[in-house]
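# next come a sequence and a model predicted from it.
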Amino acid sequence: MRVVIAEDSVLLQAGLAKVLEALGFDVIAAVGDADSLLASIDSQQPDVAIIDVRMPPGHSDEGMRAALVIRRQWPDVGVLLLSQYVEERYATELLTSSTNGVGYLLKQRVANVEEFAESVRRVAAGGTALDPDVVSQLLLRRAETPLDRLTSREKEVLALMAEGRSNPAIAGRLVVTESAVAKHINNIFTKLDLPPADSDHRRVLAVLHFLGHSKP
């Protein structure tokens with residue numbers, strides 16, 4: 001799996017590269033600014049780009065803006081954003097057009113090497129990886145929507161779906177059976193007024209409801 005890293009902190013950049021290479025990833029480029037990132041994407045066509053939200057020269061949203069360019073011009077390249085803090089606007093902006101092959105994690109999650117590697121693989125494969133703290137904040141901001149119909153456990157399941165978790169992974173996290181998870185998901189589909197369709201499609205629509213990107 002081919003990876004490009006865009007991080008202006010030399011120490012963190014080197015640490016990410018070392019960790020990923022030790023886990024079998026092929027780090028084909030490690031850059032420190034948005035322009036170099038886009039040049040690397042254009043020439044290397046990686047499976048996934050790991051991008052710091054704030055990079056030179058302004059250290060504001062250069063990484064975020066580069067990620068949006070990648071989503072438009074190279075939609076097959078997964079984009080995993082790293083941020084020091086929960087920045088809801090950036091997470092929402094990234095997820096507005098599609099939840100396929102995107103991720104938003106806090107940098108502290110990198111310390112859990114196996115979980116971080118799982119997130120990179122999931123995004124590269126076209127899935128979603130959202131930091132639990134980001135998911136929690138987005139959920140708290142939503143009110144008076146079909147989400148209010150969900151039980152507490154159904155909201156937990158939907159939050160884990162938004163993180164990109166599979167049914168077995170959700171079952172493991174909540175310590176319930178997979179059949180129980182499937183039942184909760186079917187209830188979620190019903191309460192969010194999502195008509196019968198391909199299950200993966202309805203799963204994406206449910207997550208979009210959760211993130212506030214589709215109207216009830």
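Nice, I can see it.

# residue ranges with poor pLDDT in this structure?
Across the chain, the ranges flagged by pLDDT under 70 are 88-91, 96-98, 136-145, 197-201, 212-216.

# how does it look with 50?
Across the chain, the ranges flagged by pLDDT under 50 are 143, 213-216.

# and the strands in it?
Listed in chain order, the strands of the chain (DSSP state E) span 2-6, 26-31, 48-52, 78-83, 102-106, 128-130.

# who touches the last one?
Strand 128-130 is touched from outside by 80, 91, 99-105, 118-120, 122-123, 162-164, 207, with contacts defined as Cβ atoms under 8 Å, 6 or more residues apart in numbering. The way it works is simple: take the backbone N, C-alpha and C, and place the C-beta from them, glycine included.

# bridging residues for the residue positioned nearest the centre of the chain?
Nearest residue to the geometric centre of the chain (Cα atoms, centre = their mean): G103, 2.0 Å. Taking DSSP bridges, one obtains L80, A129 as the residues bridged to G103.

# any chance you could map the helices in this structure?
10-22, 34-44, 62-73, 88-95, 113-124, 132-141, 152-162, 167-174, 178-191, 199-211 (DSSP state H).

# so what's the residue count around S36?
For S36, the neighbour count with other Cβ atoms under 10 Å is 17.

# if you drop the residues flanking it in sequence, what lies closest to it?
A6 (7.4 Å; Cβ to Cβ, 6 or more residues apart in numbering).
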